[in-house]
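Let me see the structure of the following:
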Amino acid sequence: MTRESATYSPRIGVKYCGGCNPFYDRGATVRKALANFPSASVESVVGKDCAEFDLIFVVLGCSQSECFDYKSLQGKYGQVIISKPEDSAKIIQAMNDLFSNQKKERES
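The predicted model follows:
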């Protein structure tokens, strides 16, 4: 992380599925990936306006995507769907993109 991006504190929303049939530790997957971004503010989106968040991570516990309607959960820069531990790479990529875009906006 660059010195400029270290001052940026993105607001990240997380929505977990109901957890009826998880085959992995969803919370650990998110925490591990976001540990690389200590300046991020991470909180649940429940009861909040998703437009207030920079990104929304929708975390599914299995391959079923019909357990709840998450399509409307959009942050300022969209959403990332997580459905398996390997998707932690999607979190890291989305966060890197967010910091990179923020840096470009600040420089212009």
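
Low-confidence bits of the protein, can you list those?
1-6, 64-66 (pLDDT under 70).

Which parts of it are strands?
Remark: strands assigned in the chain by DSSP state E are 11-16, 41-44, 55-59, 79-82.

any idea which of these is most buried?
Scoring the strands of the chain by mean neighbour count under mean count of other CB atoms under 10 Å gives strand 55-59 as the most buried, with a mean of 23. Backbone N, C-alpha and C define where each C-beta goes, glycine included.

Which strands or helices does that one pack on?
When contacts are defined as 3 or more CB pairs under 8 Å, 6 or more residues apart in numbering; DSSP states H and E, strand 55-59 packs onto strand 11-16, helix 26-34, strand 79-82, helix 88-107.

List the beta-bridge partners for the residue positioned nearest the centre of the chain.
With distances taken as CA atoms, centre = their mean, the residue of the chain nearest its centroid is Phe57 (3.3 Å). Applying DSSP bridges to Phe57 yields these beta-bridge partners: Val14, Val80.

Now do the contacts for it.
If a contact means CB atoms under 8 Å, 6 or more residues apart in numbering, then Phe57 has 12-15, 30, 79-80, 82, 91, 94 as its contacts.

The closest residue in space to Val46 that isn't next to it in sequence and Tyr8, how far apart?
Distances taken as CB to CB, 6 or more residues apart in numbering put Lys15 closest to Val46, at 7.2 Å, once the chain neighbours are dropped. Counting by CB to CB, to the nearest Å, the separation of Lys15 from Tyr8 is 23 Å.

now for the helices and strands packed on strand 55-59, which one comes closest to Cys62?
helix 26-34 (9.9 Å; CB to CB).

Need the contacts of Phe57 in CSV (columns: distance to Lys103).
Below are the contacts of Phe57 laid out as CSV (distance: CB to CB, whole Å):
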residue, distance to Lys103
Ile12, 17
Gly13, 22
Val14, 24
Lys15, 27
Val30, 24
Gln79, 22
Val80, 20
Ile82, 25
Ile91, 19
Ala94, 15
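
Farthest-apart pair in these, please.
By the measure CB to CB, Lys15 and Ala94 form the most distant pair in these, at 14.6 Å.
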